[in-house]
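Participant: The following comprises the amino acid sequence and a computationally predicted model.
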Amino acid sequence: MTCYDELVARGLIAQVTDEKEIRELINNGKATFYIGFDPTADSLHVGHFMALCLMKRLQMAGNKPIALIGGGTAMIGDPSGRTDMRQMMTVETIQHNCECFKKQMSRFIDFSEGKATMVNNADWLMGLNYIEVLREVGPHFSVNRMLTAECYKQRMERGLSFLEFNYMIMQSYDFFMLFQKYGCNMQFGGDDQWSNMLGGTELIRRKLGKDAYAMTINLLLNSEGKKMGKTQSGAVWLDPEKTSPFEFFQYWRNVADADVIKCLKMLTFLPLEEIEKMESWEGSELNKAKEILAFELTKLVHGEEEAAKALEASKALFAGAGSLENMPSTELTEADLENGGLDIVSLLVKTGLVSSRGDGRRNVEQGGVSVNDEKVTDFKKVYSAAELKEGLIIKKGKKGFNRVTLC
C-alpha cells in the first residue's frame, strides 16, 4: 500500500487540490510540506494531535515537514470556527508559547540533519510594510470571494473585525514565502482551513506562475459530530503538567465504543490489518481495544515508560491488579485539616476534582462520588487524620480519580 493510499484508508484525507499530483509527490518522498500552528496557549492539545501524527507519517515516507509556528499570525487571531474575537496576546506571551511548542513537536518530528524545518512566520510578517502588502498582495484577493469563505461565516453574524479579515491574506502569504525560501510545494491543515489554503495556492500561481498544492485532513470528531479533545475541566493537553499521563491515558481509555476504531486508524501507527481485526470486537474485547488505543497514544506523547505506568495505574483502579503509584495524587499536611479531619467536599476541592464547594456538594448529592469504592451520599461526611494517613481513593464520576494521603 502506498503512503497516499494508507492516508485514504485511515480516513485522514478530506479535500485535495490535485489528487494525481499530490499522490505522486507524497508516494515518491518529494513533498516539502508545511502545517501551521498558532501559539494561542503554552501547550499543544489533542486538537493538534492528528496534524502531528500526519507529519510523522509523511516524514517516515521520505517527505520533508516544515513546522510553521504562527508567531506573526497569532498577533491577529484565526477567526475559523469562532463566534467571537480571540483575546489579544502580548508579544512576550506568544514567544513563550512558541518555545513550548518546539519542545513538544520534537517528540513527533525528527529535526536532525535537514530532515525537517521549524520556522516562525513572525520572521517575515512582523517586518512587512503596509503599503507594500496592499500593492503586492492586495490585488490578488477578491473581497466578494473572501466573504463566502466558511472561516468567516460564523464571525459575520456577530461582526467580523478588519483585523481578523486579514488572517486569510497572512496565511496565504506564509505559503508564498515558504514556497520561495524553502521550496515548500504543499500545505496541509484541518478541513476548516480549506479557504485559507486555497488563497495560498492562488497567490503563488498569480505572483510566481507556479503550482503549489493543498490537502486538508478530517477534523477529529466523535460519533456525535463534536470535536474530540475536550473534557469538563477543559482541553486535553500534551503538556504533562496540564494533563498528566494518567489523565491523558484515561481520556482515550474512555472514548465511546463508536469512536475507538476510527481513533485507532487515524491516530496510531498500528498496521491497518491489525486494527481491522478489532472491528468485530465487542464487550470486553472492545475494552481491550480502548486500552490499546490509550497505551499507543500515551506512548507517542509521553514515552513508553509513562504509558506503562498509566496502564498499570488504570488496571489497579478498574481491575484490582497493578500499582496505584502512578495515579494522580494529592498530599495533605496537618495544616490542611480542620478539627482533625476533612469533609468530602473539601477533599474534592483540594484534589481539583471539582472547581468549587458548590460543585462538590452537587456531585455528592447526585451520587457521583465514592471513596475507596464506597459511594458517599452525605456531603458533610468527614474523614479523620488516621483515615487520611492510610490513603483514600476518591472517584468523581467515571473519569475523575485522585489518591489522597496525609503526610
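Facilitator: Received the coordinates, thanks.

Participant: Show me where the stretch 1-150 of the chain has its strands.
Facilitator: 13-16, 32-37, 64-69, 117-120 (DSSP state E, counting those that start in this stretch).

Participant: Mean neighbour count, those: which tops it?
Facilitator: Comparing the strands of the stretch 1-150 of the chain by mean neighbour count (mean count of other Cβ atoms under 10 Å), strand 64-69 comes out on top with a mean of 24. Placement of C-beta: from N, CA and C, glycine included.

Participant: I figured residue 295 hits residue 248, correct?
Facilitator: No. The criterion here is Cβ atoms under 8 Å, and residue 295 misses it with residue 248 at 10.9 Å.

Participant: Between the two, which is the more surrounded one?
Facilitator: Using other Cβ atoms under 10 Å, the more surrounded residue of residue 295 and residue 248 is residue 248, with 25 against 20.

Participant: from what I can see the more buried one touches residue 307, true?
Facilitator: No. Here residue 248 lies out of contact with residue 307, judged by Cβ under 8 Å, at a distance of 9.2 Å.

Participant: Quick check: neighbours shared by the two?
Facilitator: When contacts are counted by Cβ atoms under 8 Å, 6 or more residues apart in numbering, the set common to residue 248 and residue 307 consists of residue 298.

Participant: quick revisit: what about the strands of the stretch 1-150 of the chain, which gets the closest to residue 405?
Facilitator: Comparison of the strands of the stretch 1-150 of the chain against residue 405 by Cβ to Cβ identifies strand 32-37 as nearest, at 39.0 Å.

Participant: strands paired with the closest one, and their directions?
Facilitator: If you go by DSSP bridges, strand 32-37 pairs up with strand 64-69 (parallel), strand 186-190 (parallel).

Participant: Can you give me the buried ones in the host helix or strand of residue 275?
Facilitator: Taking DSSP states H and E as the criterion, residue 275 maps to helix 272-278. Going by neighbour count (16 or more other Cβ atoms under 10 Å), the buried part of helix 272-278 is 275, 278.

Participant: can you list contacts of the following helix or strand past it?
Facilitator: Following helix 272-278 in sequence order, the next helix or strand is helix 284-302 (DSSP H and E). Residues from elsewhere that reach helix 284-302, judged by Cβ under 8 Å, 6+ apart: 49, 53, 107-108, 238, 240, 245, 248-255, 257, 260-261, 263-264, 267-270, 278, 281, 306-308, 310-311, 314.

Participant: ok, of those, which come out buried?
Facilitator: Buried by 16+ other Cβ under 10 Å: 49, 53, 108, 238, 240, 245, 248-253, 255, 260-261, 263-264, 267-268, 278, 281, 306-307, 310-311, 314, out of the contacts of helix 284-302.

Participant: in this structure, what spans have low per-residue confidence?
Facilitator: Applying pLDDT under 70 to the chain picks out residues 76-88, 150-151, 153-155, 231-233, 318-326, 399.

Participant: Kindly state the domain boundaries assigned to it.
Facilitator: Domains of the chain are assigned by automatic domain parsing as 3-217, 230-318, 329-406.
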